[in-house]
Each structure stands twice: as structure tokens, then as C-alpha cells.
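>>> what would the 3D arrangement of this be:
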Amino acid sequence: MHRKNFGRNRVLQPSAAYTPVNEQEVLEILDRHQGQRIRAVGRLHSWSKAILGDGVQLDMRRMNDVFLEPAGDQFVATVGAGCQVKRLLKELNRGGATLHSLGLIDVQTIAGAISTGTHGSGRHSMSHYVEEVRLARYDESTGKAFIDEISAGDELLAARCSLGSLGIILSVKLRCRAQYNVQEHFTEARRLEDVLSAEESYPLQQFYFIPWRWSYFIQHRCEDTGKRSFFAKMYRLYWLGVMDYAMHLKILFLKRVLRSRRMIRFSFRRIVSLFLIRKWRVTDRSSSMLVMKHEAFRHIEIELFVSRDQLPEALSFTKEVIEVAGSKDTSLSEVNQQRIHDIGMQDDLKGLQNQYCQHYPICVRRVLPDETLISMASGGDQDWYAVSFISYAKPSRRAGFDLFSRFMARSMSKLFQARPHWGKISPLEASELTSLYPKFDTFRTVSKTLDPQGVFQNEWTTALLDADD
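Prediction:
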């Protein structure tokens, strides 16, 4: 028995698998497998080792109820762990509500989304809005499974982004808000300072750093109290047909069929911009405007979070590394050569030279600081920026991207304290990862208190909890 994840880079081989229908069945399964390792699984739209487990596997998809209730001028939704985000959005919309924060895709389960710190742009991550987590775990004194409701203190901060390491999430309570509209339009800028200065007017914007063209395509977004635009449906069709499918099919053709670096560079310099309709201002419902069909084509991804003060130098460094990785006769600037020397990665850079050609726009999204222990945007008083690198190479042809992602993760974590997304490629060693989180010791304490035997761990999370940072 085995299952592969979306990116086909992880294989799950559980010793037993269940799809429980209610909380009582979960408790019975836990009691039946006392002493064995147990992990919950979502929709497998993750590329990291967090989803792995060779013990007992619980697929929570049938526990997907949604209950919405008013809470002052907002709402609170009680959501079954296996509820996909897209189902949750539909149920909330029936009650005139929606989520505060939305990622690019809506196929994840809510438990998977919060457990890995899923985020959108311009607000906190989903984890930040969790009010309560209902867990199935073991009573240390009796050894029996029971249900624990976590709603305060360090335990709640840990449960908001837990990597599945505290117990089996049964349901969560999320702060929600009234449904609202978002207006968006595209522009292009040559300078990063122009992009960032636009955030004051467009706090929900995200932008794309275009490789080989080296400009910024800005998806300006803000809340809009006006009505849905007359052309909103046409805009959605444009996004679906042109951006979600036509542009991606072009990239797939260049990467998987032609496999021509020259054509990839030419495409980004001259063709990609033709897909954009600039300054077309459209207002539509937030839950339609803030997501994409990013799951339509198989890919793999690494996403690195840097604080605002590190972003300009991090993107400048990114540009130079991409040029070195895609050419045999390009070198870093003196400043970045010195940086690489200082962290002892000269051989790594030499090994990356001419081994990988970036063939997808680099998506950058702003995330407000989270009130959690270990979500990527946790801690500090600055906004965080998630810088995403994506490969559409076939699974058998990812060697270059593997080299590139390892180099970027290691170098940017050392130079800019960049944090890899927990749910995406995370090639750092356990001690390197935990050292990036000032409150990881607190998370470790909570985890070992709630799960002292490590029943709900896998090898990767065990290494994190045992790491000496």
C-alpha cells in the first residue's frame, strides 16, 4: 500500500490506513494502535517530509463539517480537520462570511493548511486566525486516547502551526470575517522600491519577479466596497483560460518539450508580458479573486521567507544566482562572491554553475507577523516576504532544480535568515531549520508535553524536536 504526493517527490507507505467518519472512530483507532506511530494525512499537496510516515495513517477527509456562528462584528467557524478550503469557502459564503487569509490554492484540507503555515498576501497566515484546536491524543497516566481542546497559551500558539506533531487534529475554530470584494489590476515596474511603495494603496498585492526580463509584474489588490464589476465573469474566464492554462501550457512546452534555455529566456523577455492586460481594474468576490488554479499542472516548489529589511538584497542575490545557474560564463558580483566565501559555499556555487535554468516567474507575497511559535512569519516586528521558486520539470528531470533549491535554502538562510516553507521543499538540516525560530524551544516543550512518547511524529519531525540549535 503506498500513495504519492502531488509533486511525485514523496511516497507514503503506511502500515495501516483508515478514513474515520467521526471522533469516536478516531479514538478507537488510536486505542487499537497504542504504541505505534500515527500520522494524519491531508490532500498531499505538499512537497516536504512533513507528510511522510510509515506507521498508521489517518485520512480525515470524511470529517469535514462546517458550523458558522457570529462573534461580535465577525464570525467563528468550527471546521472539521479534513474539510478542503474550497468547501469551507462555499459554506462560509452561504452565511455571508469568508476567511481572513487565503493561499493561492483551495484544495488543501484546513488541518494541513494551518499545520504548515499556509498564507496569502498582505495578511497573516491562516494559522494566525485559529482560536481553538481539538486534538485526539493519549492520556499519559492511562495510556488511553482522549480529546483535548486547546484554546490558550503556548499550547494554542504551538497548535496553530504544529507540523502534525501534537496529536490528530479533529477540528479547528477559525476567526472569520464578513464576505468582501477585492479590486485588482496589473502594472509593471523596474524598481523594487516602486513595488513596495504601492503597498500603502494596495495592501493585498503580490508581485512576480520575472527571470531574464528582471522586471516586476505587480498584481495590485485592495478591498473594495463597490459592487462586483460588470466584467468580473469575463475577467475570471481570462484568468482561467489565459493565465492558469495558456501561459502554463507554454511554459510546459518550453521546459518539457523544447527544453531550450534560449527560448525560455526569449519567452520571458518578449512573450510573457503579452499575456497580461495592464490596468484592467476589476472587482470581484475575495474568494474568487485571491486564488488560482495553481494545482492544474504538476510542479515542485521551494519558498523562502525573508523579513522586509532583507528583501532588496535577497532579490538582488537571487537574480545573480539564477544567472550563474543558467550560464557557464556568468559570475556573481564582488559583493556576493564575498558573501559566498564568508559562508564557505564556493564549491556549492561552482557545482551549480550552468546546471539549472529558471523557467517560472518568482512569486513574492507579503505576510504580516503571525502570533504563533513556528509558522514561517512568526515573531519579529517586520512584515515577511515569501519568495517562491517553482519548477515544472518532469520528476525524472529535476536534478538541476534540486541543486538550485538546496543552494538557495542554505545560502539564503545563512545570509538573510530565510525560512523555508514547512509544506514545500525544505532541504536544510534539522539544526539549521530550528535555529531560524527563536521560539522553537517553546514549541519543543509543548510537543514533548502533549506527546511525550513521540507517537505522532515521523523521522523528520523527530529530528527537528531532537535538534540541538
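>>> quick check: buried residues in the strand ranked longest in the chain?
Taking DSSP state E as the criterion, the chain has its longest strand at strand 168-178. By neighbour count with 16 or more other C-beta atoms under 10 Å, strand 168-178 contains the buried residues I168, I169, L170, S171, V172, K173, L174, C176, R177. Just so you know, the C-beta spots here come from the backbone N, C-alpha and C atoms, and that holds for glycine as well.
>>> quick one: which of these is nearest to S273?
Proximity of those to S273 (C-beta to C-beta) peaks at R177, which lies at 35.0 Å.
>>> per-residue confidence for that closest one?
At R177, the model reports a pLDDT of 97.
>>> what residues are up against the spatially most central residue of the chain?
For the chain, T118 is the residue whose C-alpha lies nearest the centre (C-alpha atoms, centre = their mean; 4.5 Å). By C-beta atoms under 8 Å, 6 or more residues apart in numbering, T118 lies in contact with G103, Q108, G112, S125, M126, S127, G423.
>>> list phi and psi for it.
Backbone torsions for T118, taken as degrees, to the nearest 10, come to phi -60, psi 140.
>>> kindly report the same for the one 10 residues further on.
Phi and psi for H128, reported as degrees, to the nearest 10, are phi -60, psi -30.
>>> from what I can see it touches L99, true?
No - using C-beta atoms under 8 Å, H128 is not in contact with L99; the gap is 11.2 Å.
>>> and the longest strand of the chain, which strands flank it?
strand 74-80 (antiparallel), strand 97-99 (antiparallel), strand 130-138 (antiparallel) (DSSP bridges).
>>> can you list contacts of the second one?
This means strand 97-99. Under C-beta under 8 Å, 6+ apart, the answer for strand 97-99 is 68, 75, 77, 85, 88-89, 92, 126, 129, 174, 176-180, 286-287.
>>> filter those residues to the buried ones?
Among the contacts of strand 97-99, the ones that count as buried by 16+ other C-beta under 10 Å are 68, 75, 77, 85, 88-89, 92, 126, 129, 174, 176-177, 179, 286-287.
>>> how far does stretch 48-66 stretch from one end to the other?
28 Å (C-alpha to C-alpha, to the nearest Å).
>>> from now on call the first residue 22
Sounds good: first residue 22 from here, last item stretch 69-87.
>>> just the mean pLDDT for that stretch, thanks.
95.
>>> equivalent analysis for stretch 100-109, please.
Stretch 100-109 comes out at a mean pLDDT of 98.
>>> for that stretch, buried residues please.
V100, G101, A102, G103, C104, Q105, V106, R108, L109.
>>> so how far is M284 from the first one?
Looking back up the chat, that one is V100. Counting by C-beta to C-beta, to the nearest Å, the gap from V100 to M284 is 45 Å.
>>> state the distance from the closest residue in space to Y159 that isn't next to it in sequence to T482.
Distances taken as C-beta to C-beta, 6 or more residues apart in numbering place A166 nearest to Y159, at 5.7 Å, with adjacent residues excluded. From A166 across to T482, the span is 20 Å (C-beta to C-beta).
>>> still on that earlier bit, the residue nearest to Y159 contacts L51, correct?
Yes - A166 is in contact with L51 according to C-beta under 8 Å; the separation is 3.6 Å.
>>> any residues in contact with both of those two?
Common neighbours of A166 and L51 (C-beta under 8 Å, 6+ apart) are A157, R158, Y159.
>>> didn't the last one look like it was pressed against H54?
No - with contacts counted by C-beta under 8 Å, Y159 stays clear of H54, the gap being 10.8 Å.
>>> for these two, indicate the residue with more neighbours.
Y159 (23 against 18; other C-beta atoms under 10 Å).
>>> distance check, that one against G174.
20 Å.
>>> how about the strands of the stretch 122-271 of the chain, start to end?
Remark: strands assigned in the stretch 122-271 of the chain by DSSP state E, counting those that start in this stretch are 151-159, 166-171, 189-199, 202-210, 227-230, 237-245.
>>> for the ones you listed, which one sits closest to D369?
strand 227-230 (22.4 Å).
>>> what is the closest one packed up against?
strand 237-245, helix 332-346, strand 383-388 (3 or more C-beta pairs under 8 Å, 6 or more residues apart in numbering; DSSP states H and E).
>>> now do the following helix or strand past the shortest one, average pLDDT.
Using DSSP states H and E, the next helix or strand after strand 383-388 towards the C-terminus is strand 405-412. Model confidence over strand 405-412 averages 98 on the pLDDT scale.
>>> that concludes my questions; thank you for your assistance.
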